[in-house]
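Asks: Quick one: sequence plus predicted model below, questions after.
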Amino acid sequence: MRTPVRTLTILATATTLGLVPLACGNDKGSGTADDSGIASAAKCPVGAFEKASGATIIKVWHSYVGKTKLALDDLAAQYNASQDKVVVELEAQGNSYTELRRKFEGAIPTKDLPAITIAEDTETQFMADSGVVLPATACQKADRDAARQTDDILPAVKAAYTLDDVQYPASMNVSTVVLYYNKGDFAAAGLDPEQPPTTLAEVRTAAEKLKAAGVSDKPFVMKMDPWFVEQWTSGAGQTLVNKDNGRSGTATEGTLENPATNGAMQWIADMNTAGLLNAIPGTDGQINHYLAMLPSGSSSMLIETSAAITTINGVLQGSVDPADLGLPEGAPIEIDVTGLDIGVGLNPGLTEPGKGQIGGGAWYITNTGSDEVQSAAWDFVKFFNSTPSQVTWTQDGGYLPILDSAKNDPTLQADWQSSTRGKWLATSYGGITTLDPKFPGALIGPYDRFRQLLRKGLEDVVFTGIPPKSAIATANDGVTTELADYEKNRF
Amino acid sequence: MATETIETSDSIRDRSSGRRGATGRRTTVPHGLRGANLAWYVVLTLLSMVIVFPLWMTLVRAISNPTKVLLAPEPSLLPVDIQWNAFTQAFTEGGLGRPLLFSLLLTVVIVSAQLFTSLIAAYAFAFLEFPFKRLMFGIVVATLLLPVEVTLLTNIKTFQNLGWISPNQDFGGAFGSLTLPFTAAAVGIFLIRQGFLGLPRDLRDAAELDGYGHLKFLFKIAVPVTRPIIASFVLISFLGTYNQYVWPRQAVQNDQYNTIQLTLRAVAGQRLDQLNLPFAAALIASVPVLALLLIFQRQLISGLTAGAVKG
Amino acid sequence: MTDTVDRHSNVDRPGRSRSRRVGEAVAAVALLVPALAIFVAFFFWPLWRLVHYSLYQQNLQGTRERWVGPSQIVETLTGADFRQGLWVNVLFLIMTVPIGVLLGLLLATSANRRLRGIKIFQTIFSSTVASSVAVSAVVFFTLVNDQAGYFKDVSWLALDKPLSALFAVSLSSIWRNLGLTFVIVLAGLQAIPEEIQEASVLDGYSPIRRFLRITVPLLGPTLLFLAVVLTVDAFQAYAQMELLTGGGPGGATETILFKITKLAGPRDFGQGASMSLGLFVLTGLVAAAQFSVLNRRVHYGN
């Protein structure tokens, strides 16, 4: 077919010639002036929805799965049933924060945003820079009663989400890293099932014993999620980026080449070479690290988010219906049908357990909706922050209570002392009370890139055998470049 | 090739009254050489088992009790504690019903559109004379250089600007962005043009004398005569559209409008305690195309191989 | 795809009046407009826009853009990310195409014989035509998932090592394409005239020699066509990676297309567009090879 080839040449030439006008390109500046605005001057139209004639519909975007999602469904249903001026529509936007973030980012130019979006803890700086967020501080100033609701918020949590004296998210879901371990396996290896390891060194010793006893082949399983490395670094009081972790000014360099990060990565590398580490690739939507704790898997210890507590607890219960046992719907079942006997301990740290940074997600109200929508969103968040909702959210959602009033609630306390999941949650809670409000975690604009780089470093160390020091150096250089690129994108 | 094909009087008789195999060729039952035949049966059975094995494992996981599977120290070849509820649960909990219907709707619409645009374009290329004919045909050919993956980003942007792709997209937006880019297909134009070119000249002349206009000739004469080729195209178009993943993955941002292939992904990531659902879903998703394959095997195969064999 | 003589052409017909020619041209335009409009709107114009976007950078919110020039294209296509994606595509190609062709040959020669019930085997062999990329990925999850798969302890399928992860994904593609490769090679086999087979038998060729000296060379064009089909499929690889490995470990199974889908946000759009252009060039090369192969085949005396 000679003809089409010739035609193609013509087409190709035409395309190339067509590039000429493009070479005389110019700045296509459209849009308004810098629209991030001055956050503290933002106005929160409290109560506007009440004056509207009909009901205001607000959309809430989230990426929860499992029991957490069911808990959110529950709360939204309760709110909708309790009044008729606001209708909350929950929309699950994927299985992970990353997916949700991508959708949100893609929707920003269109300004077609949900009333509330739940973003990962790392996106604080980005959300502040995006210019589409209505800061909670504005609403707290306009609505004194509601402000008192969150007066007893944990100081470290508040500090984590405050930039330049402005608190951006209206509510937060806090989780921390905990150690899940198989008590049965521990007993079989001669370890005390009630004394989980508290430092990385102790994890190593326990792993060696478990392997030597033939109980598990690769006793310690860990998803290669950079979050863990951050927790260990922050837990040791080290910064991730300069300018005081981005809190005293915009960060310009990574500070990953520090003893804590090096120590953590080296520990991972050593565990790997000794065959004690079951490394799971840190990809989105990964569940293999959970599967590894099952009899068909090869591990006995897992570090993961405390937010998985209720889901893991659900798996242990199998598909037993509370009604079968004569219990009311949703009641915790104290049967472990799987016989796995899992225990929960604080995140083993470099030197002490339970240290780290605030993790989880936060609720942001967007400012692109009408006054009715924004005020309705604030109203729903107030409902969410109320003590009964927070108790439900903790018990069923698996997140930790950020308000003292919720933590001190008698129902919650009773559950924390009696049920398995309650005890696990109580243990996890201990991990966030010790956090220093002056060192709550980093503020990084391109946090997603930061995490990608750190994850690549982790995976390179474990799957490709690159020495930790050089993997960290590569990651750190990448972080510095990304920080610079992020600033270039702000025009 | 084991069977001898020397023309004896026996085989000539067999040939004239022989049976037809799957691809239309006559087969004769070979006489003799039992040993070699047995060997080939063994080979064929082994190969079949290799091909079917992954599907077997999928079926096993779909009908096994998920908790028991999770707890088993070693994965097994046989179902554990058989339960069939995964197939119904795929619809009730996995929400497979809506995407399945949506996918079937999309496929029917797209295939019909492709058929229509290909028919009329092929007619023009096969029967009409007009300036720049070669150039136009070249454009059609050139689209083969541009699979949907290459222009993925900018096509998405086009629909985003229209508001058809966004997390808030409505049915119209989802439907439009999933169908519009695929309403024309170069493959269809090629295949059908080929078929038209094979029509005898006299047919066209006779029709003209009888006063047939273009469309009348097209739909009343050309199409019925080239039905086999058209059927083949329809089948491969159906197959390709139903199995699409890349474009729907980017175009659908509102989970309500997931296609069946996207739902497989959604179900696979969801519930740790229900690991039989994704496998049941995969099997269910394959049913429509498997049915097509079994019913229209010959036409489907001839569609897939058009281009492989000169002719 | 042979270009037969345009025997329905009216060009040489005497007495073709001008008004008739115009009428035909008008009809042709009307009949071609739908298809061509779609092609322009969704194939050519977006390609043009790709060039534009790869020369510009967008701001954080995606509301403004500014000129950065061809340096963005050059940097992206020579950068580590694209190179890794290209390498993954090439490796994937090497892992899927030769094996695919060989297996197709094996299946087709086994099933191209006159045995009772051969039709059943032929149907089974062609059955994977029905499985989509998503289905085949889920199906292979039962085999290669490293915690719960049947072959989880097989080291050359391990999902946590770069090469073996890619190989595991390749297997799912090879399996999925078995039906197609079988069908194509079978058609090629059956197009070989029986006289040639019979002649070689009469000449005393042993079955193996017949196969190697006669069958395979005659199958050449078909096998080549098959190789091209599989190559094109390899360059479009994305879904199987997304579902089986998520691109891991460490991006070792991220094809170019996979990377492009990750670069769709405002901040990365320029790079995504540049990579898309790179993919276009690669696809163009493959298609050009396809055309030249088919061209050559047209001229084979057959």
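Replies: Yep, it's here.

Asks: C-alpha from now on. contacts and neighbour counts both.
Replies: Will do.

Asks: which stretches of chain C form helices?
Replies: With helices called from DSSP state H, chain C shows them at C:18-39, C:45-54, C:71-78, C:80-111, C:118-126, C:133-144, C:162-190, C:194-202, C:207-210, C:216-235, C:239-244, C:256-262, C:269-298.

Asks: Out of the helices and strands in chain A, which is least certain?
Replies: helix A:2-23 (a mean of 41; mean pLDDT, DSSP states H and E).

Asks: which element follows it toward the C-terminus?
Replies: Downstream of helix A:2-23, the next assigned helix or strand under DSSP states H and E is helix A:48-51.

Asks: Name the residues of that next one that come out as buried.
Replies: Neighbour counts using 16 or more other CA atoms under 10 Å in any protein chain shown place A:49-50 of helix A:48-51 among the buried residues.

Asks: Does anything pack onto it? Which helices or strands?
Replies: helix A:371-385 (3 or more CA pairs under 8 Å, 6 or more residues apart in numbering or on different chains; DSSP states H and E).

Asks: Quick one: distance of the helix it packs on to the chain centre.
Replies: Relative to the centre of its chain, helix A:371-385 is centred 22 Å away, using CA atoms, centre = their mean, to the nearest Å.

Asks: so for it, what's the average pLDDT?
Replies: Helix A:371-385 shows a mean pLDDT of 93.

Asks: for stretch A:463-481, same thing?
Replies: Mean pLDDT, stretch A:463-481: 92.

Asks: Next: stretch B:174-185.
Replies: 94.

Asks: Could you work out the end-to-end span of it for me?
Replies: 20 Å (CA to CA, to the nearest Å).

Asks: check whether the host helix or strand of B:Leu115 contacts chain C.
Replies: According to DSSP H and E, B:Leu115 maps onto helix B:97-127. Yes. Contact of helix B:97-127 with chain C (CA under 8 Å from any CA of the partner chain) involves B:117-118, B:120-121, B:123-124, B:126-127.

Asks: Next secondary structure element downstream of that helix?
Replies: Counting by DSSP H and E, the next helix or strand C-terminal to helix B:97-127 is helix B:133-142.

Asks: Give the ChimeraX command for selecting the buried subset of the residues of helix B:97-127 next to chain C.
Replies: To isolate the buried members of those in ChimeraX, using 16+ other CA under 10 Å:
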select /B:117,118,120,121,123,124,126,127
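
Asks: neighbours around the closest residue to B:Gly303 other than its chain neighbours, how many?
Replies: With CA to CA, 6 or more residues apart in numbering or on different chains as the criterion, B:Gly303 has its nearest non-adjacent residue at 4.4 Å, and that residue is B:Ser232. Number of residues near B:Ser232 (other CA atoms under 10 Å in any protein chain shown) recorded here: 25.

Asks: sec struct for B:Ser232, please.
Replies: Secondary structure for B:Ser232, judged by DSSP: H, G, I helix; E, B strand; the rest coil, is helix.

Asks: could you point out where the stretch 1-150 of chain C is predicted with low confidence?
Replies: Within the stretch 1-150 of chain C, the stretches with pLDDT under 70 are C:1-16, C:147.

Asks: center of chain A, which residue is that?
Replies: The centre of chain A sits closest to A:Gly360, judged by CA atoms, centre = their mean, with a distance of 3.3 Å.

Asks: That one: what's it in contact with?
Replies: A:120-121, A:172-176 (CA atoms under 8 Å, 6 or more residues apart in numbering or on different chains).

Asks: and if we set it to 10 Å?
Replies: In this structure, A:Gly360 makes contact with A:97, A:118-122, A:172-177, A:305-307, A:399-400, judged by CA atoms under 10 Å, 6 or more residues apart in numbering or on different chains.

Asks: about what we covered before: output the helices of chain C as TSV; include the columns distance to A:Tyr447 and mean neighbour count.
Replies: Putting the helices of chain C into TSV (distance: least, CA to CA, whole Å; neighbours: other CA atoms under 10 Å in any protein chain shown) gives the following:
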stretch	distance to A:Tyr447	mean neighbour count
helix C:18-39	40	17
helix C:45-54	24	22
helix C:71-78	21	17
helix C:80-111	19	20
helix C:118-126	48	20
helix C:133-144	31	26
helix C:162-190	26	24
helix C:194-202	67	14
helix C:207-210	62	13
helix C:216-235	31	20
helix C:239-244	23	24
helix C:256-262	15	22
helix C:269-298	18	20
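
Asks: mind putting these in CSV, distance to A:Ala406 included?
Replies: CSV is the format used below for the helices of chain C (distance: least, CA to CA, whole Å):
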stretch, distance to A:Ala406
helix C:18-39, 59
helix C:45-54, 51
helix C:71-78, 51
helix C:80-111, 47
helix C:118-126, 62
helix C:133-144, 42
helix C:162-190, 46
helix C:194-202, 85
helix C:207-210, 80
helix C:216-235, 54
helix C:239-244, 40
helix C:256-262, 40
helix C:269-298, 44
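
Asks: Domain map for chain A?
Replies: Listed by automatic domain parsing, the domain ranges of chain A are A:42-175+A:358-408, A:177-355+A:446-488.

Asks: Tell me the gap between the longest one and the middle of its chain.
Replies: Meaning domain A:177-355+A:446-488. 14 Å.

Asks: close to chain C, is it?
Replies: Yes. Looking at domain A:177-355+A:446-488 against chain C by CA under 10 Å from any CA of the partner chain, the contacts come from A:224, A:278-294, A:296-298, A:452-453, A:455-464, A:485-488.

Asks: Could I have the ChimeraX command that selects the buried members from those residues?
Replies: In ChimeraX, a selection of the buried entries from the residues of domain A:177-355+A:446-488 next to chain C looks like this (16+ other CA under 10 Å):
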select /A:224,278,279,280,281,282,283,284,285,286,287,288,289,290,291,292,293,294,296,297,298,452,453,455,456,457,458,459,460,461,462,463,486,487
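
Asks: Surely A:Glu208 and A:Pro219 touch.
Replies: Yes. Counting by CA atoms under 10 Å, A:Glu208 does reach A:Pro219; the two are 8.0 Å apart.

Asks: Comparing the two, which shows the higher neighbour count?
Replies: Legend: neighbour count by other CA under 10 Å for A:Glu208 and A:Pro219, higher for A:Pro219 (31 against 22).
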